[in-house]
Each structure stands twice: as structure tokens, then as C-alpha cells.
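Q: no sequence for this one, just the structure:
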């Protein structure tokens, strides 16, 4: 743990224990989403599904990157991940993005977009809590939020909810979060 780091965040008025709980729950959401997106992506089949596989794969890899970027901050603030994977799964900030009973492309898309919307809400909450108070956590949460907003936009377009103005990235994953992975 970085003692002065935690002390400065506390002095700024952030309840570090509450922040850690949010960070750990979101780390759980990112790791479980990575797992569930693997299953969802595998089930995107047929003419409609094939076009979505690459987008689902980018979101899946970026969710893993989000997990990897969150872990150091959790430990810097004096937190830790649970020793039990089931416990970690069950504390996720977002519901599991499970394969729907009727795994059509449209139903899978609904699961994907709802998972991203949950993530957008969660990282907005962390940004609001840390803005102007905990610069490092804010910067990290904002970077993740930017990527989650893009994911939501990609999936919502396929649901016919209108254009988002976002384009699929080519050759680069986690453009906002990558600086935290070095």
C-alpha cells in the first residue's frame, strides 16, 4: 500500500473504504464480463452474428484490460482482491452478462448493451466521487468510462437505437486505458 497516497485521498474528502468497495466490485464486473463475453461472442453465429464477433471481441479484451488496470489502484489504496473467485464473481457491480435462454443475435445484443450501460453508470459514479479529489483514480475511471461508452454505442447501433458517431477501432485496443497497463 502507498500510505501517503491513501492519506492524501482521505484528506481530500474521499471515503477510501467506500471507494475501494466500488473499485473491487467493478474489477469483479470487468473480469466476469470478460468471461461471459467469451461465451456470448462464441454464440454470435450466422450472417448477423459474424459481423458482431469482432466488436464483441474488442469489448471483451478491453474489459480484461480494465480489470488489469484497476488492480494496482486497489492495492495502492490499501485494498485487496478476495481470495475466493466465487466470492469475487458474486460481488460484481453489474449483473452477469449470461447467455440468454434464447441465444439469438438480438437477445445477445441486449445482454451486451445492458452490460455496457451498467459499466457506464458505475464508472460515472466513481468519476463523480473522485473528481478534483483523487486525481489518479479519477483519471483511471474516466479512461475506462470512455471505452465503456464506446462499447455501449457500438452495440446500441446494432439494436437500431440510432447512430452514435463512434467507429470500430482498427488495430488498437484500450486506447484510453493503455497508459495504465505499462
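A: Thanks, I have the structure now. Since we're looking at a predicted model, the values are computed, not measured. Residues are numbered from 1 along each chain as shown.
Q: contacts and neighbour counts: CA atoms only from here.
A: Noted.
Q: got any ranges where this protein has weak pLDDT?
A: The model of the chain has pLDDT under 70 over residues 1, 169.
Q: so which elements touch the longest helix anywhere in it?
A: Among the segments of the chain that qualify as a helix by DSSP state H, the longest is helix 46-76. Using 3 or more CA pairs under 8 Å, 6 or more residues apart in numbering; DSSP states H and E, the elements in contact with helix 46-76 are helix 16-42, helix 135-158.
Q: what sits up against the shortest one?
A: Spelled out, it's helix 135-158. 55, 59, 62, 66, 69-70, 73, 109, 112-113, 116-117, 119-120, 123-124, 126-127, 130-131, 162-164, 166-168, 174, 176-177, 180 (CA atoms under 8 Å, 6 or more residues apart in numbering).
Q: mind listing what's buried along it?
A: Neighbour counts over helix 135-158 (16 or more other CA atoms under 10 Å) mark 137-158 as buried.
Q: quick one: residue 151 from residue 52, how far?
A: 12 Å (CA to CA, to the nearest Å).
Q: need the overlap of contacts for those two.
A: With CA under 8 Å, 6+ apart, residue 151 and residue 52 have no common neighbours.
Q: let me see the contact set for residue 39.
A: Residues near residue 39 by CA under 8 Å, 6+ apart: residue 99.
Q: use 290 as the first number for this chain going forward.
A: Done: numbering now begins at 290, and the last item shifts to residue 328.
Q: how much space separates it from residue 414?
A: Taking CA to CA, one finds residue 328 at 28 Å from residue 414.
Q: got it, and residue 343?
A: Residue 343 is 29 Å from residue 414, by CA to CA.
Q: same check, this time on residue 336
A: To residue 414, residue 336 is 38 Å away according to CA to CA.
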